[in-house]
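>>> Dropping a prediction and its sequence here:
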Protein chains: 2
Amino acid sequence: MSDVERIVIELCRKARQAGRQLALASTATKDDALRRAAQGLRRATDAIVAANQSDLEAGRAAGLSDALIDRLTLTPERIDGVAEGLEQIAALADPVGETIERWRRPNGIEISQVRIPLGVIGMIYESRPNVTADAAGLCLKSGNAVVLKGGKEAIHTNTAIAEIIADAVVEAGLPAAAVQLIPTTDRAAVKVLLAQSEYIDVIVPRGGPSLIEAITKDSSIPVIQHYAGICHVYVDADADLDMARRIAVNAKVQRPGVCNAMETLLVHADVADQFLPAVAAELEAAGVELRGDAKTQALVPSASPATEEDWATEYLDLILSIRVVGGLEEAVDHIARYGTGHSDAIVTDSYSTAQRFVAAVDSAAVYVNASTRFTDGYVFGFGAEVGISTNKLHARGPMGLRNLTTYKYVIEGSGQIRE
Amino acid sequence: MSDVERIVIELCRKARQAGRQLALASTATKDDALRRAAQGLRRATDAIVAANQSDLEAGRAAGLSDALIDRLTLTPERIDGVAEGLEQIAALADPVGETIERWRRPNGIEISQVRIPLGVIGMIYESRPNVTADAAGLCLKSGNAVVLKGGKEAIHTNTAIAEIIADAVVEAGLPAAAVQLIPTTDRAAVKVLLAQSEYIDVIVPRGGPSLIEAITKDSSIPVIQHYAGICHVYVDADADLDMARRIAVNAKVQRPGVCNAMETLLVHADVADQFLPAVAAELEAAGVELRGDAKTQALVPSASPATEEDWATEYLDLILSIRVVGGLEEAVDHIARYGTGHSDAIVTDSYSTAQRFVAAVDSAAVYVNASTRFTDGYVFGFGAEVGISTNKLHARGPMGLRNLTTYKYVIEGSGQIRE
């Protein structure tokens, strides 16, 4: 067994033990740990900034892009924001212990379905060091031990943050192994982690599609995926075209780099000539590059031709593909074929068309007359967000604390036996 | 591409299309299909029995055991039972379309979490041909298309049943591809099926641990596992010993071959001398072979020594391992180490001990003063059972129709955009 294997397996084994203790911890104890961790981060601002400097120097030496360097950078203000995030998690309701349903059977046994932690969560993420604290906080609050594997560019910063949180956890009377960071940048560690199905209950990767695909392929543990969002807005013949324009512009330009931004606009042929020139002008004024099918190009000469690849691309940028469709069925088929089951919207004032769109589009979030940009754990009111799941099993759409739990059935009897 | 690949992939592709239609089907239409299928099976009794004869002859020629031949056999009475099962599924509430939660956000958008089908379910099972109808019925009712892969011993019977159900589905106005059986006994078909993550949303294997392990290893699609049940009954110092005896005997002997039967009895040292000789005599009178630790053997001389392997074995037979423990913590530790997270019980009249056991034992079903034999979808009141999941994600414990669904968020607005 290699050193990496030994280290990772031992760490996962300890996480399992810690998870068993954490599952029994009271909300007050967990919140105490979270608040102590926030205080600890603020107190250790200088040390964290110093650790971050080491990562930034190494990153610059390795030629990281400015965007990556920015994501990696922690300032005192950002550290305060991370601490505040932990305090916000402490203020949320604890999902653990909730009785989801309770009923009595004819023989007198009482069955309760009770929410409990999953156990141990493996978080694998890329460069942003704030994820170390966010993930630790979300897992701690939901009663789960966490094994963190951050990006190699952030190893010093992540180590500093994880140590401070683990100290706070111990001060609150909980096991240190509740929050552990894999202390190596050796890529072999990920493969070892993904094989520990005895100790880890679920893997939550946060990062680009290639990271998520590689993890899903290698993992013997269930993975909750946060894949791409190729989100659509369909402007129906019965749409309020002013509303449609506001929604389309918002869905594309308000924050183009996120997964719930629109990538493709579908427009009913009956309103294309009325709708497209005006919305195209507004989008172009906001700096959006337009790519359209032939019908779109006829109405918007500045649009370049959209290829098959465009329909299947998550731009995450100020680029939009546009297609004129014959009606609802064609729009729904387009979404089924090219969408990623993330967030899709219809703008219409027809009640029956809205009903049909909502029923036929199989996405985590289906919108009527609102921007796709609302798919977000905070906006939905979950208070904190693990991410946006594109899985269909267990967690779909914005993941709150509740999605880090499972349940058990508790059966209370008075001596019942099966006849 | 091989013939098997071509056949299986095309079948899965059709299942995806059928699933999209089925998701929109009304409860009345689905129930009509189920009742027609039941009638069809009854009408075709002679043809099914004839197909079954072919399988039985081949099975006898291949030297199948009497037990396997019995599992494979369909008589007119058993066919009537299978048809009745479909009618019972038709009578159940439809989980699809249920609004799980609905709330309004400050900006006026209304968010509904709505239950929808998973899409396409792959069912892989061993010899019992009744599973063909059961699985088809459960998937149909929950609005899912199903791809069935039965055991090679039952290929003629399964084909006959699947064709009758597909005919009924078409008569009811639903797509034939809603229920499809993979029409080959080539083992390569399973590997091809397990790679169709584009078309199949979840794999539900039903069979022995080796089947389930192999499928989990090969599958790129999430698998809902139904693993072994190493179930424990812990008799506490504060137990009503008469009740404890009745529960222990029931949990072991009422039906020893099922996953919710007890495999290990844990007894508090303070009551071992009072409890063990009497319960051992009753168990032995019922034909149970006892294996115990040294303390048990001292009290029950007829017990043979239990080895480390015994604690980790699901006997599914009239064999029981017995261990005397120092108290609750030791019992909980034993269950955590050797249990499979299925069903575990405590017998005690101490309120606080019961609370601690319920909190600390991480199993799908945790019992206080009742037999572990109640872990069952019918007994729990779910009306039908897909199986008993030992997964922690998505479905845990007895799986009813609801566990074959997922959800979407439907967001209704009046033009809201994100600021």
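Happy to help now that I have it.
>>> list the helices and strands the lowest-mean-pLDDT helix or strand in chain A packs on?
Least confident helix or strand, chain A: helix A:209-218 with a mean of 88, by mean pLDDT, DSSP states H and E. Under the contact criterion of 3 or more CB pairs under 8 Å, 6 or more residues apart in numbering or on different chains; DSSP states H and E, helix A:209-218 touches helix A:188-194, strand A:202-206. Just so you know, the C-beta spots here come from the backbone N, C-alpha and C atoms, and that holds for glycine as well.
>>> Now render the ones you listed as JSON lines, adding mean neighbour count.
Putting the helices and strands packed on helix A:209-218 into JSON lines (neighbours: other CB atoms under 10 Å in any protein chain shown) gives the following:
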{"stretch": "helix A:188-194", "mean neighbour count": "20"}
{"stretch": "strand A:202-206", "mean neighbour count": "24"}
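>>> got a list of what A:Gly397 touches?
Contacts of A:Gly397 were listed using CB atoms under 8 Å, 6 or more residues apart in numbering or on different chains, and they are A:364-365, A:375, A:380, A:388-389, B:408-409.
>>> Of those residues, which is the most crowded?
Most neighbours among the contacts of A:Gly397, by other CB atoms under 10 Å in any protein chain shown: A:Ala365, with 28 neighbours.
>>> In contact with that one, which residues are there?
Residues in contact with A:Ala365, defined by CB under 8 Å, 6+ apart, are A:260, A:342-344, A:372, A:374-375, A:397-398, B:408-411.
>>> Any buried residues in the helix or strand where A:Ala90 lies, and which?
Using DSSP states H and E, A:Ala90 falls within helix A:76-91. By neighbour count on 16 or more other CB atoms under 10 Å in any protein chain shown, the buried set for helix A:76-91 is A:78-79, A:82-83, A:85-86, A:89-90.
>>> between the helices and strands packed on helix A:209-218, which one is nearest to B:Val324?
Among these, the nearest to B:Val324 by CB to CB is strand A:202-206 (36.4 Å).
>>> Indicate whether the closest one makes contact with chain B.
Yes. Applying CB under 8 Å from any CB of the partner chain, one finds strand A:202-206 in contact with chain B at A:Val202.
>>> quick one: average pLDDT of that strand?
In this model, strand A:202-206 carries a mean pLDDT of 93.
>>> Ok, stretch A:352-371 next?
Across stretch A:352-371, pLDDT averages out at 97.
>>> swap in stretch A:76-93?
96.
>>> do the same with stretch A:402-419
97.
>>> and the closest residue to A:Glu87 other than its chain neighbours, how many neighbours?
Using CB to CB, 6 or more residues apart in numbering or on different chains and skipping the chain neighbours, the partner closest in space to A:Glu87 is A:Ala38 (4.9 Å). Neighbour count for A:Ala38, taken as other CB under 10 Å: 25.
>>> ok, now A:Phe357?
Per other CB under 10 Å, the neighbour tally for A:Phe357 reads 25.
>>> elements contacting the helix or strand A:Asp273 falls within?
In the assignment (DSSP H and E), A:Asp273 maps to helix A:269-285. Helix A:269-285 sits against helix A:241-253, strand A:262-268, strand A:289-292, helix A:294-299, strand A:319-325, with contacts defined as 3+ CB pairs under 8 Å, 6+ apart.
>>> Just tell me which of the ones you listed ends up closest to chain B.
Chain B lies closest, by CB to the nearest CB, to one member of the helices and strands packed on helix A:269-285: helix A:241-253, at 3.6 Å.
>>> Distance from the chain centre to that closest one, please.
25 Å (CA atoms, centre = their mean, to the nearest Å).
>>> what comes into contact with it?
With contacts defined as CB under 8 Å, 6+ apart, helix A:241-253 is touched by A:231, A:233, A:235, A:261-262, A:265, A:271, A:274-275, A:278-279, A:282-283, A:286-288, A:318, A:320, A:345, A:347, A:369-373, B:415, B:417-418.
>>> where along the stretch 51-200 of chain A do the strands fall?
A:99-104, A:110-117, A:120-125, A:145-149, A:179-181 (DSSP state E, counting those that start in this stretch).
>>> Export the ones you listed to a markdown table and append columns for distance to chain B.
Shown next, in a markdown table, are those (distance: least, CB to the nearest CB, whole Å):
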| stretch | distance to chain B |
| --- | --- |
| strand A:99-104 | 7 |
| strand A:110-117 | 6 |
| strand A:120-125 | 10 |
| strand A:145-149 | 13 |
| strand A:179-181 | 20 |
